[in-house]
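Peer 1: Kindly return the folded structure for what I paste below:
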Amino acid sequence: MNILILGGLSFLGRHLVERGLEGGHRITVFTRGQHNPAAYPEIERLRGDRDGDLVALEERRWDVAIDTSGYVPRVVLDSARLLADAVDHYTFVSSISVYRDVSTPGIDERAEVARLDDPTVEEVTGESYGALKALCEQAVESELPGRTLIVRPGLIVGRYDPSDRFTYWPHRVAAGGEVLAPGTPQDPVQLIDAHDLASWMIDLAERRVTGVFNATGPDYPLSIGQVLDEAKAEAGSDAVFTWLPAEFLEQQGIQAWQDVPAWVPDVGEYRGFSRVDCRRAFAAGLTFRPLRDTIRDTREWASTFPPDHQWHAGLSRERELAALDAWHAEQGRS
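Peer 2: Numbers count the residues shown, from 1 in each chain. Next comes the predicted model:
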């Protein structure tokens, strides 16, 4: 199978290349060439820009296209329109953030998606991201009706993740000592290893599966407490978890998801965010590596970071200690 991947080689794109090569497929990537330009010499590289420079894609043909880098509907529409007669099947990587309301656990693919008051908005922000992704989905389907696969992942984790949104935990827990843990050990978490997501997407493309699929996991209820316990066991760490309530974290200016990654409070408008229904994907063959394998792979990759690595998520040691000291002082007064 000839596969075209639209997007860089920084994270999911790398996993797709690796899984595709393992499956014996021929891989072409279309990127600006900014990430890992020397990696995977056996693949074909096309240079260009999604926003206005698609010349390298003209007069070519592939069996399938996998779009990992579409965020603006106008830009996605241009690519889909150009490739409509050049591919048989088009996969668009969207997000569970497309849903308008995630306050109720168990939302599935039929739930209403977010909408923009002004659909011409192109700035990607925390407020516009989900609605823009929903419009991107519609743009692809409009150009390739009946040939489109929409994949809506949640938190993608694992090796190569540039966001540190999960990597922080295996790295921090392995370091040991008192660890600030968010909320309660029972708070739900959903995540998917990029290795598993890429393998499944390649399989769906091979089978020309179409439709919309939520794609996060695992296929059993998972809590933040289980994640941290698994990280401790995997590393053989002496970590001790101090669980700080969401209200206290807010008082300390510690933000869910960003400062304490992978976690949001299990209340209010986000109560369903980590309880999305993915049974349709499970029925379509989505499977998961053991969580400990994901943690080990992520921690080993993080061990290659330079000492001055600038973390994009998680707490600095100074902020963590300050919050723990404040918590212990408050408990001592009560």
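
Peer 1: Regarding the chain, what is its longest helix?
Peer 2: helix 317-333 (DSSP state H).

Peer 1: Now that helix: buried residues?
Peer 2: Going by neighbour count (16 or more other CB atoms under 10 Å), the buried part of helix 317-333 is 320, 323-324, 327. All C-beta spots, glycine's among them, are computed from the backbone N, C-alpha and C.

Peer 1: same deal with stretch 272-280?
Peer 2: 272-278, 280.

Peer 1: Quick one: list the elements packing against the longest helix of the chain.
Peer 2: If you count contacts as 3 or more CB pairs under 8 Å, 6 or more residues apart in numbering; DSSP states H and E, helix 317-333 packs onto strand 178-182, strand 240-244, helix 246-251.

Peer 1: In the sheet, which strands lie alongside the second one, parallel or antiparallel?
Peer 2: Pairing partners of strand 240-244, with direction, according to DSSP bridges: strand 178-182 (parallel).

Peer 1: Need the buried residues of helix 317-333 in a markdown table (columns: distance to Gly225).
Peer 2: Formatted as a markdown table, these follow (distance: CB to CB, whole Å):
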| residue | distance to Gly225 |
| --- | --- |
| Glu320 | 18 |
| Ala323 | 19 |
| Leu324 | 18 |
| Trp327 | 18 |
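
Peer 1: between those residues, which is nearest Arg45?
Peer 2: Distances from Arg45 to these, taken as CB to CB, are shortest for Glu320 (41.3 Å).

Peer 1: For the closest one, give me its contacts.
Peer 2: 179-180 (CB atoms under 8 Å, 6 or more residues apart in numbering).

Peer 1: all numbers from here: first residue = 316
Peer 2: Sure, I'll start counting at 316 from here, so that last one is Glu635.

Peer 1: any chance of the helices and strands packed on helix 632-648 in a markdown table, with distance to Gln646 too?
Peer 2: Converted to a markdown table, the helices and strands packed on helix 632-648 look like this (distance: least, CB to CB, whole Å):
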| stretch | distance to Gln646 |
| --- | --- |
| strand 493-497 | 13 |
| strand 555-559 | 10 |
| helix 561-566 | 10 |
